[in-house]
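Trainee: Requesting a structural model of the entry that follows:
(chains A and B)
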Amino acid sequence: MAIMLDGTTRVIIQGITGKAGSYHALEMRRQGTNVVAGVSPGRGGEKIDGIPVFDTVQEAVDAFRPDLSLVLVPARFAKDAALEAMAAGVKTVVVVAEGVPVHDSLELTAKARQYGCRVVGPNTPGIFSPGKAKAGIMPTNAFKPGHVGIVSRSGTLSYETASELTRAGLGQSTFVGLGGDMVRGTSFVDVLSLFKDDPETHGIVLIGEIGGYQEELAAKYIKENVNKPVVAFIAGRKAKPGRRMGHAGALVMGGVGTYESKVETLKEAGVQVADSPADIARIMARIL
Amino acid sequence: MRLFEFEGKQILSRYGLRTPRGKVAATPEEAAAAARELGGPVVVKSQVLVGGRGKAGGVKFASTPEEAKEIAATLLGTALKGETIKQLLIEEQLKIKEEYYLGLTIDPIAGQPVLMLSPEGGVDIEEVNARSPEKIGRLLIDVREGLPPYAGRQLARRMGMAGKILVDIGMAAAGLYQAFRHLDAIIAEINPLVVTEDGSLIAADSKFDLDDDAMYRHREYSLDGRIEGETELEKRARRLGIKYVELDGNIGIAGNGAGLMMTTVDLVERFGGRAANFVEAGGAGAQAGSGEGAINWWDTVIQLVLSNPKVEVLFFNLLGGNHRGDEVAQGIIRGLKNSRPVPAVIRLSGTRQEEGRAILREAGYSSYDSLEEAAQAAVKLAQEVGS
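Mentor: A predicted model of the protein is given here:
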């Protein structure tokens, strides 16, 4: 088991003929992913290292009934590509692009609710169940199979954390990147609700950031529903109010979303809060 | 990206809302001419992007064109909360009976736009929210349905409004929503939305904040000169698509990933150092491709960080997925050569880390694998340089 993605998940890649698309298609296959097809409008009939390319998602769906689409197209085309996947009946859509206009994300998430589709992202490295399958762009050498689930708003910070966990001898069950944008398809609570029932996940790492109140909602959910140990880290302790610290979502305004409020709420919910990525691994190693 | 009040009002009137008659003036003479043309008493409003303009003395009343000219002369060219006043909006004075607040923003948890309406207009809405949140009516909007006038009327009814204003509020909310969607706004506010003595509903102010990621769809607006307190360096970085944040210490931080950069700043401060700035260049750097393009990219990034004279130590932190360690290492070396020699602490991990570290070693730079160790080393260096 793992959550959201394993070796049996049928995966397509939208934008597979692009430089990133073809590179990650092969990387993903090397990690065990069942990449059944790719989609690139105007390039139907081609093959990327044996993977068939279709012009439309519908054709890929008719031929392979994929469970998940990894959208690897530039930000300004991401909405259209993701909507195409949803309309064709794909139930999980992972949007990697950084810089997707927030109004596009509003439409995406509204349509996803209508279609009963899970959108992960935008601005996410994707999903990775080490040893089983990868649907994303994260570097694989930081990860190894094991029993720690990671859910994060930040890509690089989760690689950092994974490599510290790996160094401490703690592998990972699944890593899910939520993305750093203001509006996103999947929340901490969505992922926590899957990790809590996953027998292969023994402990959970939650990597948050300043801004918004997602972490506070996660804390409430953990307090009421999660019996597994959770270790959290919040980036942006030294951030200035009113300034976007790199991520669109990382913005402290009017006292909402401060480092202190997040840490306090998480601690109240019984979550251990780490001071650095290395500290996450030290705490998790003590618990598990 | 924030819009000036007069730009926002132009948008509002395009979407069917009534705004006061007015003209933009850049000189005292233009202010006088505008007042003469409008006839009667006017308001002189500084066109700045900072909040709290009224309290800071940026809005004044004039009963004659001469007075408008005098006021304009005292305002133009002066700084309001650090922002220079370059333009004024000269408007007719309204005879105000009631003041409302009408706004649209994005609720990040619901992932939906939210319409807000309050009978307590004309004051800071965050203040109203803190004092009496029940005075703000909220309505989540399904973007597939949009915001028809009836939904605005329903919200107004819920807030206890009655009479002709219901019709006007419904139309105003629907128009504001159209503008909000078409312009990719993150915030669209009218505060106050006033009812005048003759019963008209008029947008007496406007505040629009547009999504920077969507500006390619709105080329009529440029970011230049608008960003509050933006330094020359921040402007250069923005044009390159680099996320650059200036702080006040002496350690310059560069690398990839917003979360990782924030954490690097946090760690430096935890070990007793202070960051001078940080640059998140990974996202934009992905467009630079590989080979010479990538090397030049990191060269540019290093130069950008070091062009801040406060930087005495460079702390480069990259955990590469897409970025290749060997190319990044060459870029760092080139950047240090092309700007100025400062002591550097380099943490390089991820794709092709061994090749990258070998290149750095050959050029006389040591590198780290552990972020904590690197942060400690950077702080130690910064303390030595500073003492």
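Trainee: gap between whichever residue of the stretch 51-200 of chain B sits closest to chain A and A:L165?
Mentor: Scanning the stretch 51-200 of chain B for the residue nearest chain A gives B:G111, at 4.2 Å (criterion: CB to the nearest CB). Where you see a C-beta, it was placed from the backbone N, CA and C, and this is true even at glycine. Per CB to CB, to the nearest Å, B:G111 is found 30 Å from A:L165.
Trainee: Looking at these two, which is more packed in?
Mentor: The residue with more neighbours, out of B:G111 and A:L165, is A:L165; 27 against 23, by other CB atoms under 10 Å in any protein chain shown.
Trainee: Per-residue confidence, the residue nearest to the more buried one when sequence neighbours are not counted, what does it come out as?
Mentor: With CB to CB, 6 or more residues apart in numbering or on different chains as the criterion, A:L165 has its nearest non-adjacent residue at 4.8 Å, and that residue is A:A281. Per-residue confidence for A:A281 comes out at a pLDDT of 97.
Trainee: Is it correct that A:A281 is in contact with A:E160?
Mentor: No. Taking CB atoms under 8 Å as the contact criterion, A:A281 and A:E160 are not neighbours in contact, 10.0 Å apart.
Trainee: ok, the two, which is more surrounded?
Mentor: When A:A281 is set against A:E160 and neighbours are counted by other CB under 10 Å, the residue ahead is A:E160, at 29 against 24.
Trainee: helix or strand right after the helix or strand harbouring that one?
Mentor: Secondary structure assigned from DSSP states H and E places A:E160 in helix A:155-167. Reading on from helix A:155-167 to the C-terminus, the next helix or strand found by DSSP H and E is strand A:172-177.
Trainee: Name the residues that touch the next helix or strand after that next one?
Mentor: Counting by DSSP H and E, the next helix or strand C-terminal to strand A:172-177 is helix A:188-195. Helix A:188-195 is contacted by residues A:3-4, A:118, A:149, A:151, A:173-174, A:176, A:178, A:201, A:204, A:206, A:208, A:214-215, A:217-218, A:221-222, A:225-226, A:228 when judged by CB atoms under 8 Å, 6 or more residues apart in numbering or on different chains.
Trainee: What's the mean pLDDT across helix A:188-195?
Mentor: Taken as a whole, helix A:188-195 carries a mean pLDDT of 98.
Trainee: Ok, stretch B:347-364 next?
Mentor: Along stretch B:347-364, the predicted local confidence has a mean pLDDT of 91.
Trainee: What residues sit buried inside it?
Mentor: Using 16 or more other CB atoms under 10 Å in any protein chain shown as the burial criterion, the residues of stretch B:347-364 that qualify are B:R347, B:L348, B:S349, B:G350, B:T351, B:R352, B:Q353, B:G356, B:R357, B:I359, B:L360.
Trainee: what's the answer for stretch B:49-66, then?
Mentor: Counting neighbours by 16+ other CB under 10 Å, one finds that the buried residues in stretch B:49-66 are B:L49, B:V50, B:R53, B:G58, B:V59, B:K60, B:A62, B:P65.
Trainee: Could I get the CA-only coordinates of it as CSV?
Mentor: Listed in CSV are the C-alpha atoms of stretch B:49-66, where the atom choice follows Å, rounded to 0.1, in the frame of the first residue of the first chain:
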residue,chain,number,x,y,z
LEU,B,49,-0.7,52.6,-3.6
VAL,B,50,-0.1,52.5,0.1
GLY,B,51,-3.0,51.9,2.4
GLY,B,52,-4.3,54.4,5.0
ARG,B,53,-4.0,57.3,2.6
GLY,B,54,-6.8,59.4,4.2
LYS,B,55,-5.5,59.2,7.7
ALA,B,56,-2.0,60.1,6.5
GLY,B,57,-3.4,63.4,5.1
GLY,B,58,-3.5,62.4,1.4
VAL,B,59,-7.1,63.4,0.8
LYS,B,60,-8.2,67.1,1.1
PHE,B,61,-11.2,69.2,0.3
ALA,B,62,-11.2,72.4,-1.8
SER,B,63,-14.1,74.7,-2.4
THR,B,64,-12.6,76.7,-5.3
PRO,B,65,-10.2,76.0,-8.2
GLU,B,66,-7.6,78.3,-6.5
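Trainee: For that stretch, give the mean pLDDT please.
Mentor: Within the predicted structure, the mean pLDDT of stretch B:49-66 is 92.
Trainee: Which residues does that stretch contact?
Mentor: B:2, B:4, B:32-33, B:35-36, B:41-46, B:48, B:68, B:70-71, B:75, B:80-83, B:85, B:93, B:124, B:226, B:228.
Trainee: got it, and stretch B:101-109?
Mentor: So stretch B:101-109 is in contact with A:102, A:106, A:182-183, A:187, A:212-214, A:217, A:249, B:112-118, B:120-122, B:125, B:128, B:136, B:140, B:169, B:172-173, B:176-177, B:180, B:185-193, going by CB under 8 Å, 6+ apart.
Trainee: Which parts of that stretch count as buried, going by neighbours?
Mentor: Under the neighbour-count criterion of 16+ other CB under 10 Å, stretch B:101-109 has B:Y101, B:L102, B:G103, B:L104, B:T105, B:I106, B:P108 buried.
Trainee: can you redo these as a markdown table with secondary structure, distance to B:G255 and pLDDT?
Mentor: Written out in a markdown table, the entries for the buried residues of stretch B:101-109 read as follows (DSSP: H, G, I helix; E, B strand; the rest coil; distance: CB to CB, whole Å; pLDDT from 0 to 100):
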| residue | secondary structure | distance to B:G255 | pLDDT |
| --- | --- | --- | --- |
| B:Y101 | strand | 42 | 96 |
| B:L102 | strand | 43 | 97 |
| B:G103 | strand | 37 | 96 |
| B:L104 | strand | 36 | 96 |
| B:T105 | strand | 32 | 93 |
| B:I106 | strand | 29 | 93 |
| B:P108 | coil | 26 | 86 |
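Trainee: Out of those, which comes closest to A:K111?
Mentor: Using CB to CB, B:I106 is the member of the buried residues of stretch B:101-109 that lies nearest A:K111, at 16.4 Å.
Trainee: Tell me how far the closest one lies from B:D211.
Mentor: In this structure, B:I106 and B:D211 are separated by 9 Å, where distance is defined by CB to CB.
Trainee: hey, what's in contact with both of those two?
Mentor: A shared contact of B:I106 and B:D211, defined by CB under 8 Å, 6+ apart, is any residue touching both; here these are A:V102, B:I186.
Trainee: mind listing what the closest residue to chain B within the stretch 1-150 of chain A touches?
Mentor: Taking CB to the nearest CB as the measure, the stretch 1-150 of chain A has A:P101 as its residue closest to chain B, at 3.6 Å. Taking CB under 8 Å, 6+ apart as the criterion, A:P101 is in contact with A:A75, A:R76, A:K79, B:D184, B:D211, B:D213, B:A214, B:R217.
Trainee: ok, now with 6 Å
Mentor: With contacts defined as CB atoms under 6 Å, 6 or more residues apart in numbering or on different chains, the neighbours of A:P101 are B:D184, B:D211, B:D213, B:A214.
Trainee: ok, now B:G325?
Mentor: Applying CB under 6 Å, 6+ apart, one finds that B:G325 lies in contact with B:L348, B:R352, B:Q353, B:E355, B:G356.
Trainee: of the contacts of stretch B:49-66, list those near chain A.
Mentor: When these are filtered against chain A using CB under 6 Å from any CB of the partner chain, no residues are retained.
Trainee: Which among the residues you listed count as buried?
Mentor: Applying the neighbour count, that is 16+ other CB under 10 Å, the buried entries in those are B:2, B:4, B:32-33, B:35, B:42-46, B:48, B:68, B:70-71, B:75, B:80-81, B:83, B:85, B:124.
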